[in-house]
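Enquirer: Kindly generate the corresponding structure for this input.
(chains A and B)
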Amino acid sequence: SQQGEEDPQALSIQEGENATMNCSYKTSINNLQWYRQNSGRGLVHLILIRSNEREKHSGRLRVTLDTSKKSSSLLITASRAADTASYFCATDPAVSGEYGNKLVFGAGTILRVKS
Amino acid sequence: ETGVTQTPRHLVMGMTNKKSLKCEQHLGHNAMYWYKQSAKKPLELMFVYNFKEQTENNSVPSRFSPECPNSSHLFLHLHTLQPEDSALYLCASSQVDGYTEAFFGQGTRLTVV
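Expert: So this is what the prediction gives:
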């Protein structure tokens, strides 16, 4: 079954506004990762947050993780037209005795930033 | 440029053809992966190689055959594919440690006609 599910499926905002995307998952995890994809190209890694972390920042990005609710959020502040892309959360499931990025992806949020 | 290179970028093949996708990573990682991204579906993990050994085959049909000759190279051999196999095939690499990210290539856009 699908591990990560993003909400909303699509988001349209004006340049300069903040964008928040949410992700829910179902099983225990080693970490949760957020990726960005521009129109049918490869994925670009944004942030990795480990299961024992609650918040992480990188430039205009802020990620939170609530393992009790099995949810995460990605906040992009002061958005730009160049932020227009699809954003995916991916979980690295915690399997006893195993490590590795056997990532399980959600369906993604399509973000459109209008200039 | 992420350090993971995939070739070709685009491929059109007939259902009776045999072709191969190639992936190369220059990051010194010890694990490599194939993912499939179909229209309107989440990315699906197909195969995992840790230290050149296949550790995951996610119920992938036998018409897809992976090969990992060394820790830097990964191939996906394709034969007798179906039109529904048309998708973006993404290669990724990472360290196997539970706390570092995966790096993805630009993908191969495959169309089966």
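Enquirer: Please make it C-alpha for all contacts and neighbour counts, starting now.
Expert: OK.
Enquirer: Provide a list of residues in contact with residue A:75.
Expert: A:18-21, A:60-63 (CA atoms under 8 Å, 6 or more residues apart in numbering or on different chains).
Enquirer: Could you do residue A:29 as well?
Expert: Residues near residue A:29 by CA under 8 Å, 6+ apart: A:51, A:91-94.
Enquirer: beta partners of it?
Expert: Under DSSP bridges, the beta-bridge partners of residue A:29 are residue A:93.
Enquirer: Phi first, then psi, for the residue in chain B positioned nearest to chain A.
Expert: In chain B, the residue that lies nearest chain A is residue B:106 (3.9 Å; CA to the nearest CA). Phi and psi for residue B:106, reported as degrees, to the nearest 10, are phi -80, psi -10.
Enquirer: burial count for the nearest residue to it once chain neighbours are set aside?
Expert: Nearest-residue entry for residue B:106: residue A:42, 3.9 Å, with adjacent residues in sequence omitted and distances by CA to CA, 6 or more residues apart in numbering or on different chains. Residues lying near residue A:42 (other CA atoms under 10 Å in any protein chain shown) number 25.
Enquirer: Repeat that for residue A:33.
Expert: Neighbour count of residue A:33, defined by other CA under 10 Å: 25.
Enquirer: Pull up the gap between the closest residue to it other than its chain neighbours and residue B:21, please.
Expert: Leaving aside its sequence neighbours, residue A:33 sits nearest to residue A:48 (CA to CA, 6+ apart; 4.4 Å). Applying CA to CA, to the nearest Å, the value for residue A:48 to residue B:21 is 28 Å.
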